[in-house]
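Q: show me how the following folds:
(2 chains)
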Amino acid sequence: MPTGESNFGAAVWAILRKECRTEWRTRYGLNASLLFALTTLTTVSFAAGRLGDRVDLMSAFLWIVLLFASMASLAHAFVREVDGHTLTFLRMVASPAAIAVGKLLFNLVFLLVLEAVTVPLFFILMDAPPPQWGRFLALLGLGSLALASTSTLVGAIIAQTRSRGALFAAVSLPLLLPVMAAAVSGTRNQWQNLSVRSELGLLLGFTAAVLGVSVLLYDHLWND
Amino acid sequence: MSVPAIPAIDVSVTATGLGHRFAPGRGLESLDFALAGPGVVAVTGMNGSGKSTLLRIVAGLLRPTRGSCEVRAEGRAIDPPQRRTIAGFAAPELAFYDEMSVEENLLFAAAARGAGAAQEAIATALAATGLEARAKDRIAALSSGLRQRVRLAFAILHRPALLLLDEPGSHLDGPGREIVERIVDDFRHQGLVLLATNDERELRLADRRIELRSRGLGDPA
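A: So this is what the prediction gives:
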């Protein structure tokens, strides 16, 4: 046999590297996302001033900025393959599951890069109080994983449908609401020195459920 | 340059009541055939008769709505999701990443497949398709004929036992068509080649022919 069974890990790694390379060369999503985050933070900073004592508003604002800034790119991870007619190429070299996991890891890296710029800027412009770093980073990490896994799953499902822009919003909304609610609540609680255990548990359970469904679904995608 | 010979692989494709319907009157009508390699089989038929659909089903890219298509290699049934490991596929709708070079696209394909000796395989595929001088060029900078050569290079990159070529001569000039003939000749002894075409020059390369008749009453000729 000229080649054996595909190596899942090799495929995932190759797809992650390919995604990073094409994103770096085209800046499809990164520029738009960073521009959105920067514009929103500075505009609100000018309009409302520093929100140092309003941790409830700041928690919501932080996650709204992260959600909308990231969605500009995350929602299009698979759409770009369909529009560029490269999905057949991808499918001839890797399984749907490997493609999806590679895309998920890229979405996660994308979110982390976005957060590395946005979060420090947020603290400066909003005059946010110092967070409980352990809890804050745990919330940021799990929230990012939940956002990335949900948008990857929905993006994979709707990639070949018509009106996918509207469909993405309609399918994502009920899935993202619990993520946003838990992330905002947890972020507020850590500033108020309250427990964030239930929020972290919800984010972890939600992410595990989405990843479980993804594993079951991915290998059946794009056959028709 | 020819593709170095590898030991022949025992490959067979069997279709039983195979059909696919995209919409009323569109798709592939019921088809039965049994093919075994080594050799070259041409799939002919009018536009819209289902040649490309048949090749996509054999490649495991499309699930038929009716009947079955079984692919075996060395006596072992290969499930559709795994067919990419033994099948090489080139078709007009196959596109590569514009922002990456020819070599980078092929390197990505080899890496994703977990293939060893990727550089050697890429060098061989580029030489076989006359693309050595364009290896560093981005796909976006290539003409349609050169992109067709990249499709052929991709199809033969992992030395597949089952080579599926859909309109392989499209956009190609004289030397490009000679490349197609050379590739088909190289692979006819190594496995099974399915050639979807209506081009007389390409039809002459085939040992057998499956004609998909208009209105979809296809059966082996």
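
Q: in contact with the residue in chain B positioned nearest to chain A, which residues?
A: Chain B approaches chain A most closely through residue B:114 (3.0 Å), counting by CB to the nearest CB. The C-beta positions use only the backbone N, C-alpha and C, and glycine is treated the same way. Neighbouring residues of residue B:114 by CB atoms under 8 Å, 6 or more residues apart in numbering or on different chains: A:6-7, A:9-11.

Q: which of the residues you listed ranks first by neighbour count?
A: residue A:11 (23 neighbours; other CB atoms under 10 Å in any protein chain shown).

Q: host element of that residue?
A: If you go by DSSP states H and E, residue A:11 is part of helix A:8-26.

Q: which positions within the helix or strand bottoming out on mean pLDDT in chain A qualify as buried?
A: Here the helix or strand of chain A ranked lowest by mean pLDDT, DSSP states H and E is helix A:79-83, holding a mean of 85. Buried residues in helix A:79-83, counted by 16 or more other CB atoms under 10 Å in any protein chain shown: A:79-82.

Q: element containing the one residue sitting closest to the centre of chain A?
A: Nearest to the centroid of the C-alpha atoms of chain A, with distances taken as CA atoms, centre = their mean, sits residue A:148, at 3.1 Å. Using DSSP H and E, the element containing residue A:148 is helix A:133-158.

Q: quick one: name whatever helix or strand follows that helix.
A: Helix A:133-158 is succeeded, C-terminally, by helix A:164-191 (DSSP H and E).

Q: tell me which strands and helices that next one is in contact with?
A: helix A:55-74, helix A:133-158, helix A:197-218 (3 or more CB pairs under 8 Å, 6 or more residues apart in numbering or on different chains; DSSP states H and E).

Q: figure out which of these is closest to residue B:162.
A: helix A:197-218 (24.6 Å; CB to CB).

Q: now residue 149: closest residue in space that isn't a chain neighbour?
A: Picking chain A for this. residue A:210 (4.6 Å; CB to CB, 6 or more residues apart in numbering or on different chains).

Q: please refer instead to chain B.
A: Nearest one to residue B:149, counting by CB to CB, 6+ apart, is residue B:129 at 4.4 Å.

Q: neighbours around that neighbour, how many?
A: 27.

Q: residues contacting the longest strand along chain B, please?
A: For chain B, the longest strand by residue count, based on DSSP state E, is strand B:11-23. Applying CB under 8 Å, 6+ apart, the external contacts of strand B:11-23 come out as B:27-38, B:50, B:53-54, B:57-58, B:62, B:64-73, B:86, B:161-162, B:191-192, B:194, B:216.

Q: report whether whatever helix or strand comes next after it contacts chain A.
A: Using DSSP H and E, the helix or strand that directly follows strand B:11-23 along the chain is strand B:26-36. No - contact of strand B:26-36 with chain A is not found when judged by CB under 8 Å from any CB of the partner chain; the minimum separation is 11.5 Å.

Q: report the buried residues of strand B:26-36.
A: Quick answer for strand B:26-36 (16+ other CB under 10 Å): B:27-29, B:31, B:33, B:35.

Q: residues of chain B that sit close to chain A?
A: Going by CB under 8 Å from any CB, the residues of chain B near chain A are B:6, B:9, B:59, B:61-63, B:73-74, B:80-82, B:84-87, B:89, B:91, B:93-100, B:104-105, B:108-109, B:111-115, B:154, B:158-161.

Q: hmm, back to that, TSV for the helices and strands packed on helix A:164-191, including mean pLDDT?
A: As requested, the helices and strands packed on helix A:164-191 are arranged in TSV below (pLDDT from 0 to 100):
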stretch	mean pLDDT
helix A:55-74	88
helix A:133-158	91
helix A:197-218	91
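
Q: residue 92: how many residues sit nearby?
A: I'll assume chain A. So residue A:92, with other CB under 10 Å, has 26 neighbours.

Q: not quite, I wanted chain B
A: 16.

Q: mind checking the SS state of the closest residue to residue B:145 other than its chain neighbours?
A: Among residues not flanking residue B:145 along the chain, residue B:171 sits closest, at 4.6 Å (CB to CB, 6+ apart). For residue B:171, the assignment made with DSSP: H, G, I helix; E, B strand; the rest coil gives coil.

Q: surely residue B:171 and residue B:142 touch.
A: No - the criterion here is CB atoms under 8 Å, and residue B:171 misses it with residue B:142 at 10.6 Å.

Q: tell me the SS of residue B:209?
A: strand.

Q: is stretch A:9-19 anywhere near chain B?
A: Yes - for stretch A:9-19, a contact with chain B is found by CB under 8 Å from any CB, at A:9-11, A:13-15, A:17-18.

Q: just read off the phi/psi values of the residue nearest to the spatial centre of chain B.
A: Geometric centre of chain B, nearest residue: residue B:164, 2.0 Å, by CA atoms, centre = their mean. The phi and psi values for residue B:164, taken as degrees, to the nearest 10, are phi -110, psi 110.

Q: swap in residue B:89?
A: Torsion angles, degrees, to the nearest 10, at residue B:89: phi -140, psi 130.

Q: now do the contacts for it.
A: A:88, A:92, B:55, B:59, B:61, B:155, B:164, B:166.

Q: could you check how far it is from residue B:116?
A: 21 Å (CB to CB, to the nearest Å).

Q: returning to that earlier point: what's the neighbour count on the residue nearest to residue B:145?
A: 15.

Q: can you pull the contacts of it?
A: Applying CB under 8 Å, 6+ apart, the residues near residue B:171 are B:143-145, B:147-148.

Q: most neighbours of all the residues you listed, which one?
A: residue B:148 (25 neighbours).

Q: from residue B:100, how far off is the closest residue to that one other than its chain neighbours?
A: Closest residue to residue B:148 apart from its sequence neighbours, by CB to CB, 6+ apart: residue B:171 at 4.6 Å. Separation of residue B:171 from residue B:100 (CB to CB): 20 Å.

Q: quick revisit: wait, a strand at the residue of chain B closest to chain A?
A: No - per three-state DSSP, residue B:114 lies outside any strand segment and is coil.

Q: need phi/psi at it.
A: According to degrees, to the nearest 10, residue B:114 has phi 70, psi 30.

Q: local confidence estimate at it?
A: If you check residue B:114, the pLDDT there is 87.

Q: what's the answer for residue B:18, then?
A: At residue B:18, pLDDT is 91.
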